[in-house]
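Peer 1: Pasting the sequence and the predicted coordinates here, then a few questions.
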Amino acid sequence: MNTAMVIGGVEILPGQVRQLKVPVAKLYTDTDMSIPVHVTRARKTGPVVFVSAAVHGDELNGIEITRRLIEKKIKLLKGTVIAVPMVNVYGVLNQSRYMPDRRDLNRCFPGSPKGSLAGRMAHIFLHEIVRHCDYGIDLHTGAIHRSNLPQIRANLDDEETLSLAREFGVPVMLNANLRDGSLREAAVSNGAKILLYEAGQALRFDELSIQSGLKGILNVLSALGMIRKRRIRKKIEPFVANRSDWVRASASGFVREYATLGKQVEKGDLLAEINSPLGELISQVVATRSGIVIGKQNIPLVQEGEAMYHIAFFGDDAEEVAEHIEMMQEMVKPVIAEQNDL
């Protein structure tokens, strides 16, 4: 029904663009805290899509992606886009992954109006935003000191979700199980189709990740018929990884790196060397299977057993995946020029 949508007590009518704030619990300084929300509604009924970022407060790429999405002032042919640049506003304030109660917000859904602070925020976001939506794109990065190659994680056994994941247009897709307490699990339980975009690292802006994420969102909106069909000069073909594993440090020490993000590796290839403070070679880290490096640790210090390289396995398609990763990297434009061409 093409009627008013109510978020945070504010009515948004068809054809309106509104910026609003959804109140959450105050700081102990009596400072009001709220989740910023930007809503764009077409006059014509259509899909409702949320784009969320910073569920983990130190994952900043998504904030910039949503800022650029809002800045584009997209003209919707139908439906509604709800952009939420910061879900965990407390974490952003503290440059922390977690909520002030040290809980991971992405393990607290669906939450409760009478639960912990994290549980209450999860409940608010689910009730105020997700319940309106048919689709969602949740933006994430790697953890602190870890980088992820741009990738989509989703339930690829669902045909429509798989189709949207392909339309997003990054080379790597992972068929990821739902995690208990995650936003994705709660949204799926509410009937929404969800894509989780992972790219870059915490507390850093990464232009490849940002541009790929923004293009991907626009590709999905175009596929849903919500914006005009986009002209894509180079089509990036996505590939589904049939499995992925972390290669772990076999010793503790200082790291000399050989494998970079997006690199195609063969079984037995040298990924890194681990040395003592005096320069003595302690151990070598090698690929246990052939695949593509889709995630890696950045800090050059490791403890024995620590995860160092996340490798996805694509079978005979690995070379093609590597080619499309290179194509994606070549499409990154200078920050000033890129706005008009996305």
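Peer 2: All right, it came through fine.
Peer 1: Please make it C-alpha for all contacts and neighbour counts, starting now.
Peer 2: Will do.
Peer 1: Verify the stated contact: Trp246 with His310.
Peer 2: Yes. Using CA atoms under 8 Å, Trp246 is in contact with His310, at 4.3 Å.
Peer 1: Looking at these two, which has the bigger crowd around it?
Peer 2: Taking neighbours as other CA atoms under 10 Å, Trp246 and His310 compare with His310 leading, 22 against 18.
Peer 1: Please name the bridge partners of that one.
Peer 2: For His310, the beta-bridge partners are Trp246, Gly295 (DSSP bridges).
Peer 1: Would you agree it is in contact with Ala249?
Peer 2: No. Look at His310 against Ala249 with CA under 8 Å: they stay out of range, at 12.0 Å.
Peer 1: how about low-confidence regions in this protein?
Peer 2: Applying pLDDT under 70 to the chain flags the ranges 1-2, 335-342.
Peer 1: residues in contact with the longest helix seen in it?
Peer 2: Longest helix of the chain, by residue count under DSSP state H: helix 207-223. With CA atoms under 8 Å, 6 or more residues apart in numbering as the test, helix 207-223 has contacts from 61-62, 64-66, 68-69, 137, 149-150, 164, 167-170, 197, 199-200, 227-230, 328-329, 332, 335, 342.
Peer 1: let's go with 6 Å and repeat that
Peer 2: Here helix 207-223 makes contact (CA atoms under 6 Å, 6 or more residues apart in numbering) with 65, 150, 167-169, 199-200, 227, 229, 332.
Peer 1: same check, this time on stretch 148-159
Peer 2: 142, 162, 172-176, 195-200, 209, 294-295.
Peer 1: Excluding sequence neighbours, find me the nearest residue to Ser34.
Peer 2: Residue nearest to Ser34 in three dimensions, not counting chain neighbours: Pro23, with 4.3 Å by CA to CA, 6 or more residues apart in numbering.
Peer 1: From Met33, how far off is that neighbour?
Peer 2: 6 Å (CA to CA, to the nearest Å).
Peer 1: follow-up on the earlier one: which strands border the helix or strand the residue nearest to Ser34 falls within, and is each parallel or antiparallel?
Peer 2: Using DSSP states H and E, Pro23 maps to strand 17-24. Sheet pairing of strand 17-24 (DSSP bridges) gives strand 33-41 (antiparallel).
Peer 1: Give the buried residues for the strand it pairs with.
Peer 2: Within strand 33-41, the residues that count as buried by 16 or more other CA atoms under 10 Å are 34-41.
Peer 1: And stretch 89-108, by the same measure?
Peer 2: Here stretch 89-108 shows 89-92, 95-99, 104-108 as buried, counting by 16+ other CA under 10 Å.
Peer 1: ok, Ala259 touching Leu271?
Peer 2: Yes. Between Ala259 and Leu271 a contact is recorded at 4.9 Å, counting by CA atoms under 6 Å.
Peer 1: can you list the domains in the chain?
Peer 2: Following automatic domain parsing, one finds the domains of the chain at 5-223, 243-313.
Peer 1: any idea how far Leu261 is from Val6?
Peer 2: 43 Å.
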